[in-house]
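Chemist: Predicted model and sequence follow; I will ask about them next.
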Amino acid sequence: MKFFVDTADVTDIRALAGSGLLDGVTTNPSLIAKSGRKMSEVIAEICDIVEGPVSAEVTATDHETMLAEGRYLRSIASNVCVKVPLTEAGLRTCKVLSDEGTPVNVTLCFSANQALLAAKAGASFISPFVGRLDDIGQDGMGLIADVVQIYRNYAFKTEVLVASIRHPVHVLQSAKLGAHVGTMPPSVIRALFKHPLTDKGLEAFLADWAKTGQTII
Ligand code: G3P
């Protein structure tokens, strides 16, 4: 399972990239707004830090302008993945960009039928939002199970990118279901490392080691 970080904060991205465990980055207009920076500059900087795909989202709602924005975003760096919303215009744009060889991430997916349409439009990634479904009392992970099954049934190449991940259990469930990618806030990635028994065990090992008076090198 690939790990993407869902942020436009370059300090966090740089730190997580240093772990060697980061496979890509996703952004959205809200995250760009939160960064307080010009979109083209922050996307270029992120693309320099991370080799993998960096999702940059269009903000137009009509096909022609989405296409122009998508082509512009793709010109920023070779690892830009253009993100479009799951609307008719978004999928039309997805088809054209995908046919041109541009990877496209279709976002704001809340149903399996929407995910089926995105795969047929040639999307490289589909982003079902699990947390936002859970928020309204629907089954976010149930949607992931459905999409993974449907894509397997037809051997679609579109990767299931689980988005709106809120906690480590979402990551575990995504991995068990065979989702290709999870995009998560930096805090969730960091939480995956942690276990109280790891901390307790290490503390005991180091206390015993100190008693020996030895050093390894
Ligand atoms: O970037 C899309 C998605 O991951 C947003 O998550 O927490 O705003 O629902 P959230």
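Modeler: Cool, the structure landed.
Chemist: Assumed Trp209 was part of a helix.
Modeler: Yes. Under DSSP: H, G, I helix; E, B strand; the rest coil, Trp209 falls within a helix.
Chemist: name the element the most centrally placed residue in the chain belongs to?
Modeler: Centroid check for the chain by CA atoms, centre = their mean gives Thr183 as the closest residue, at 3.0 Å. Using DSSP states H and E, Thr183 sits within strand 181-184.
Chemist: Identify the residues contacting that strand?
Modeler: With contacts defined as CB atoms under 8 Å, 6 or more residues apart in numbering, strand 181-184 is touched by 1-6, 23-24, 26, 125, 127, 159-163, 165, 170-171, 174-175. For every residue, glycine as well, the C-beta is placed using N, CA and C.
Chemist: Give me the subset of those residues lying in helices.
Modeler: Secondary structure from DSSP state H places 170-171, 174-175 of these in helices.
Chemist: looking at the residues you listed, which has the most residues close by?
Modeler: Counting by other CB atoms under 10 Å, Ser174 has the largest number of neighbours within those, with 25 neighbours.
Chemist: does the residue lying closest to Ile43 once chain neighbours are set aside count as helix, strand or coil?
Modeler: For Ile43, ignoring the flanking residues on the chain, the nearest one in space by CB to CB, 6 or more residues apart in numbering is Ala56 at 4.8 Å. Put simply, Ala56 is strand when judged by three-state DSSP.
Chemist: Can you give me the neighbour number for Ala56?
Modeler: 31.
Chemist: same thing with Pro168?
Modeler: 15.
Chemist: list the contacts for it?
Modeler: Per CB under 8 Å, 6+ apart, neighbours of Pro168: 188, 191-192.
Chemist: Residue numbers of this protein in contact with the ligand?
Modeler: 6, 26, 28, 129, 131-132, 163-164, 183 (CB under 6 Å from any ligand atom).
Chemist: hmm, back to that, run through the residues that contact the residue nearest to Ile43.
Modeler: The contact partners of Ala56, by CB under 8 Å, 6+ apart, come to 27, 39, 43, 73, 76, 80-83.
Chemist: Thank you kindly, that will do.
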